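In: 3D, please:
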Amino acid sequence: MPKKVDHDERRRHIAEAVLRITGRHGLDHATLRDIAVEAGISLGAVQHYFRSKDELLQHVIAHTGEQVTARIMAGFAGLGGTGDTGGTISVGSFLRVMASEMLPLDARRRAERRVLQAFGVRAADAPHLTEPLREGNDWLHDRVAELIGQAQRDGELRPELHAGHESITLLAMIEGLASDIMFGVRDPGQAMESVRYHLDRLAAR
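Out: Next up, the predicted model:
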């Protein structure tokens, strides 16, 4: 009886192969043929799931977002959270966990960042790729703004803050620090210290 293929798992397997190649050599070296070799499958199998490199990259970006979100929630649970920021840890702690998983603090996260940067450059000249990025950024901005607003209502963060602007500021800072780390301008420890400093300034006194 032929072995049943888990198509979602195969797509994840291919996405992980892209991340490994990108982490070692950069996205330009992740040709469909190289990806097939890295994944241990045929070129035809890769092309069966992804008709073009742009389609593959869109999937890798979505896969990366899912992985980062899963790590954030795991880190939150590790601090004693319940899966809801109304649990046993503060919103500030949750946002620090979020920043640590979005910043390129280790080899895995550096590979994810390299993919995101390369995708961003590619999307600048390909409008059909820009929309998924915009939707993802809008979703993240809204969720962070909601967290900040909830923390204000709970008395954790200063009430005069504008949740929407603070969300934009925090996410822009994370993006800037990520680029600094990738270019060697700042080390990971300095980046996380800056995040902690910024979040501490938002706390209610």
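In: for the residue nearest to residue 67 when sequence neighbours are not counted, give me its contacts.
Out: Nearest residue to residue 67 in three dimensions, chain neighbours excluded: residue 112, at 7.5 Å (CB to CB, 6 or more residues apart in numbering). To be clear about C-beta, it is placed using only N, CA and C from the backbone, and glycine gets the same treatment. When contacts are counted by CB atoms under 8 Å, 6 or more residues apart in numbering, residue 112 touches 19, 64, 67-68, 104.
In: what's the farthest-apart pair in those?
Out: 67 and 104 (13.6 Å; CB to CB).
In: and these two? Which one has more around it.
Out: The neighbour comparison of residue 67 against residue 104 (other CB atoms under 10 Å) goes to residue 104, with 22 against 18.
In: and which of the contacts of residue 112 is nearest to residue 94?
Out: Among these, and counting by CB to CB, the member closest to residue 94 is residue 68, at 13.9 Å.
In: does that closest one touch residue 102 like I think?
Out: Yes: using CB atoms under 8 Å, residue 68 is in contact with residue 102, at 6.4 Å.
In: now do the helix or strand residue 70 falls within, average pLDDT.
Out: In the assignment (DSSP states H and E), residue 70 maps to helix 53-78. Mean pLDDT, helix 53-78: 86.
In: next: stretch 172-182.
Out: Mean pLDDT, stretch 172-182: 96.
In: for it, list every residue counted as buried.
Out: 174-175, 177-178, 180-181 (16 or more other CB atoms under 10 Å).
In: same question, stretch 133-145
Out: 133, 140-141, 144-145.
In: narrow those residues to those in helices?
Out: 133, 140-141, 144-145 (DSSP state H).
In: name the nearest of those relative to residue 93.
Out: Distances from residue 93 to those, taken by CB to CB, are shortest for residue 144, at 14.0 Å.
In: count the residues that sit near the spatially closest residue to the closest one that is not a sequence neighbour.
Out: Excluding its sequence neighbours, the residue lying closest to residue 144 (CB to CB, 6+ apart) is residue 167, at 4.1 Å. Per other CB under 10 Å, the neighbour tally for residue 167 reads 21.
In: starting at the chain centroid, how far to the helix or strand that contains residue 167?
Out: In the assignment (DSSP H and E), residue 167 maps to helix 163-182. Helix 163-182 sits 12 Å away from the centroid of its parent chain (CA atoms, centre = their mean, to the nearest Å).
In: next, the angle helix 163-182 makes with the very next helix or strand once past it.
Out: Proceeding N to C from helix 163-182, the next assigned helix or strand is helix 188-202, under DSSP H and E. Calculated by axes from the mean of the first three to the mean of the last three CA atoms, to 10 degrees, helix 188-202 forms an angle of 170 degrees with helix 163-182.
In: much appreciated, bye for now.
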